[in-house]
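Colleague: Predicted structure and sequence below. I'll ask about it afterward.
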Amino acid sequence: MTVIRNAFYCLVLLVIVSCQESRSVANGQRPVTAMGKTVIKDSLKTFLKASAVADEGVFTIYRDSAHYYFEIKDSLLNRDFLVVNRVSQAPAMGPEPSSRRWLYAGDIIGEQVIRFEKGPNNKLFLKKVYFEEMSRDSSENGLFEAVSKSSFLPIVYSFDIKDTGRHGGMLIDVTDVLSADNDIFFFSSGMKKLIRLGGLERDRSYISKVSSFPLNVEIKAVKTYAGVDGGTTSYELNSSIVILPERPMIPRYSDARIGYFVANFYDYDLKKQSVNKSNIITRWRLEVKDGDWDKYKAGILVEPKKPIVFYIDPTTPKKWVPYLIQGVNDWQRAFEKAGFKNAIYALEAPVNDEEWSIEDARHNAIVYKPSTTMNASGPHVHDPRSGEIIESHINWYHNVLKLLRNWYFIQASAIDPQARFMEFSDTLMGNLIRFVSSHEVGHTLGLMHNFGASSTVPVDSLRNKKWVEKNGHTPSIMDYARFNYVAQPEDSIGEAGIFPRIGKYDEWAIEWGYRQMPALTEKQEIDSLNKWIVTKVDSDPKLYFGYETDEFNPKAQSEDLGDNAMQANRYGIENLKRIAKNLVSWTTKGNENYDDLAELYPELIAQYKRYLFHVATYIGGQVHYQRSPSQPGPRKVFVPMQKQQEALAFLKDQIFSTPQWLVDVDKGVFPLIGGAGFGNVSKIQADVLEKIMSHAIFCNLLWAQSNTRERGYSLDNYLADLRGIIWSELKSNKPIDMYRRNLQKLYVERLSILINFKTSANRFEANGPFSQTSISTDILSILKGEVRALRSEIGISRNKATDKLSKLHLIDLWERLGTIIDDGSK
């Protein structure tokens, strides 16, 4: 038994919500969904007319003229219902263009948990239910009673009980509530504010359909709103009222060493001497059939009572449907690790079936959206009491095809001739769709991104054809490790070694989350799962999990590959150079324009910057390991000085020494599409300097220096090394070219910003504006010392410059440095 109090249960606005299939799907057949429609002949006392129409399901729905009535049985009182609101049909354009991305069919516009309770004076109350504090312990020593007394739920609506329904339930008129503008049904106030909707225009709004199914009620309405900025906008909206399971699924508590989305609440049972926020993972309710437990325990694969079934939106282009289906079915192998066969699969949605709707809360779906958005997403909705995933609608935006084209061209055209075209073959694009489908399905299964997976693969293995085609280039499809950009043309690696796939970590995560342990108590299960993790993860580094928000961790980065970014990204840049030489010829054809060149040239620049930033993260970096006290070893390890120096040497070679290959690309592209020209190099150098010269990085270096037994990379030594790279001409007295002069000016500007931080902003600072920590540490002292040392070197070298521009440049910067610390010298 569960008691709830004032709880947080609010999903992100773009999460698409619905509920599970009410009946199993077997042998590819869809469950029967038709509900009987009955004209009322036997009067319900004297209230409804004989012509009223009934629709039987979880509630019996009556339509009498323009009024709608719900019959709610006594058995449904005090049951929890999830209300899910989404767009059924969107307008051609929202009240303002920026709102368009939120307004595709299937997009969520609000959700809430409700409960019906019998009140006094012949009233039925609708209450909002919150989940933040729980107690399930109703024993004498439990806190169930205490939490209950502090769990009084707000009454949102009070209905007069009009009559007794034909099944003995309470009959209430819901017409006014469904026709109104409120936070329970249809648009939430937050979403209305976001897309700048004003008040509801009642005379242009109406309820179009209300249908009842075994587990849910579906309400469809046309709503017209005034726009905050003028005009009106109409939508067809759908609200689902979904009954949550009477018996909540047994929760599984989360573990930081495996990446699952979580539901959280304050748990008064787990630790009686303190109140702790508990996190339970979100997962589907996969259960062993009653007669199959002996097989399951013996390691024989069994089918679950109810599989996870996704339908493909009927509006999806037919040629992509098989690849989307395969992206779902690819997860079957992972569920076999958890003991289940045929646990997940996809089917084409029925067509020309009036009783089947993609908005029906029982159907999971991959929803096709005719959108310019270059993305796809895999949200899900869960029962907040247990973490049970109820349903998912995957958003598949049409323009994700362009995103896939761009990714594959930039990362793989150097090694795959198929990618050297602006229109890919259907087979190649289909396989790209398949991997994205698998990734998004992974999210719907509860899995978070794992940005640490790719860091467990040795760089040399990524060029080993036999190894990488067998194992894949990353152990997790939940990583952002798009394609094998490390492979070189001479490696002759095929698609099996280029594309991501469901890997070893994914199989382990599904096994850990979905393996059934019914004989264990809650505490026994927690202890057992911890021991299991220790055994598995400690013995296999490829099961490493890295959070995507781990800013300073070089092992948990987006879009990276391999266990050494310096080695991996040198190969990546070599491939970019190959692509750069062919960029014009591969992106243009005949009498066509240069639009593709204009789009892919910035993509090439962005990929190059990505490689540089992967390496820059090693400087002042901290590797995090999610270890429990039962595991040996530290949880945080500073990147060794040697690795940081290796990273700095990479930056010296690849960006601080003028990247002539990029200059050559600029020269070839600029006459055709315009652009930044030499500013590209300068802008990239500025971004890299901002990343590696920040108070956050400096604090990390100081902290490592004073808190490790090994020799740390001291801040003053780091700055001296960086100065030697950027100002190498001071010792050689060689002429300083334009790109190097710009770089040196950027360095001086960066010193000025860091020292005079009160008037600056830096997007790379971990905590936003600079803090008191920067003043109270050695950072400013060391920076001012760096200014004096650099000014002294320039003072010696300025008169030795052999060309006019170099001499003027050095005199200028010598003067600027004097101004920075205002030491009175001129």
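Modeller: Nice, thanks for sending it over. Numbers count the residues shown, from 1 in each chain.
Colleague: Chain neighbours aside, what residue packs nearest to Leu404?
Modeller: Residue nearest to Leu404 in three dimensions, not counting chain neighbours: Leu432, with 4.2 Å by Cβ to Cβ, 6 or more residues apart in numbering. To be clear about C-beta, it is placed using only N, CA and C from the backbone, and glycine gets the same treatment.
Colleague: got the contact list for that neighbour?
Modeller: Leu404, Tyr408, Phe424, Phe499 (Cβ atoms under 8 Å, 6 or more residues apart in numbering).
Colleague: cool, and Val321?
Modeller: Contacts of Val321 (Cβ under 8 Å, 6+ apart): Ile312, Glu348.
Colleague: Flag every buried residue along the helix or strand where it lies.
Modeller: Here Val321 sits within helix 321-329, counting by DSSP states H and E. Residues of helix 321-329 classed as buried by neighbour count (16 or more other Cβ atoms under 10 Å): Val321, Tyr323, Leu324, Ile325, Gln326, Gly327, Val328, Asn329.
Colleague: can you give me how far it is from the chain middle?
Modeller: The chain centroid and the centroid of helix 321-329 are separated by 21 Å under Cα atoms, centre = their mean, to the nearest Å.
Colleague: next helix or strand past it?
Modeller: From helix 321-329 onward toward the C-terminus, using DSSP H and E, the following helix or strand is helix 332-337.
Colleague: what sits up against that following helix?
Modeller: By Cβ under 8 Å, 6+ apart, the surrounding residues in contact with helix 332-337 are 286, 301, 341-345, 502, 506-508, 510-511, 514.
Colleague: Now do the strands in the stretch 351-500 of the chain.
Modeller: Remark: strands assigned in the stretch 351-500 of the chain by DSSP state E, counting those that start in this stretch are 364-369, 376-377, 381-382, 389-391, 393-397.
Colleague: now those strands in a markdown table, with mean pLDDT and mean neighbour count?
Modeller: Formatted as a markdown table, those follow (pLDDT from 0 to 100; neighbours: other Cβ atoms under 10 Å):
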| stretch | mean pLDDT | mean neighbour count |
| --- | --- | --- |
| strand 364-369 | 92 | 25 |
| strand 376-377 | 89 | 19 |
| strand 381-382 | 87 | 26 |
| strand 389-391 | 92 | 24 |
| strand 393-397 | 91 | 26 |
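Colleague: count of neighbours near Pro489?
Modeller: By other Cβ atoms under 10 Å, the residues close to Pro489 number 13.
Colleague: Find the nearest non-adjacent residue to it, please.
Modeller: Among residues not flanking Pro489 along the chain, Ile415 sits closest, at 5.3 Å (Cβ to Cβ, 6+ apart).
Colleague: so the one you found sits right up against Glu495, yeah?
Modeller: No. Checked against Cβ atoms under 8 Å, the pair Ile415 and Glu495 is beyond contact range at 10.4 Å.
Colleague: more crowded one of those two?
Modeller: Neighbour comparison, Ile415 and Glu495: the larger count goes to Ile415, with 23 against 15 (by other Cβ under 10 Å).
Colleague: From Phe409, how far out is the more buried one?
Modeller: Using Cβ to Cβ, to the nearest Å, Ile415 is found at 12 Å from Phe409.
Colleague: before we move on, what about Ala568?
Modeller: Counting by Cβ to Cβ, the gap from Ala568 to Phe409 is 19 Å.
Colleague: Give the rounded mean pLDDT of the helix holding Val321.
Modeller: When pLDDT is averaged over helix 321-329, the result is 98.
Colleague: Return the angle between stretch directions for it and strand 393-397.
Modeller: Interaxial angle of helix 321-329 relative to strand 393-397 (axes from the mean of the first three to the mean of the last three Cα atoms, to 10 degrees): 140 degrees.
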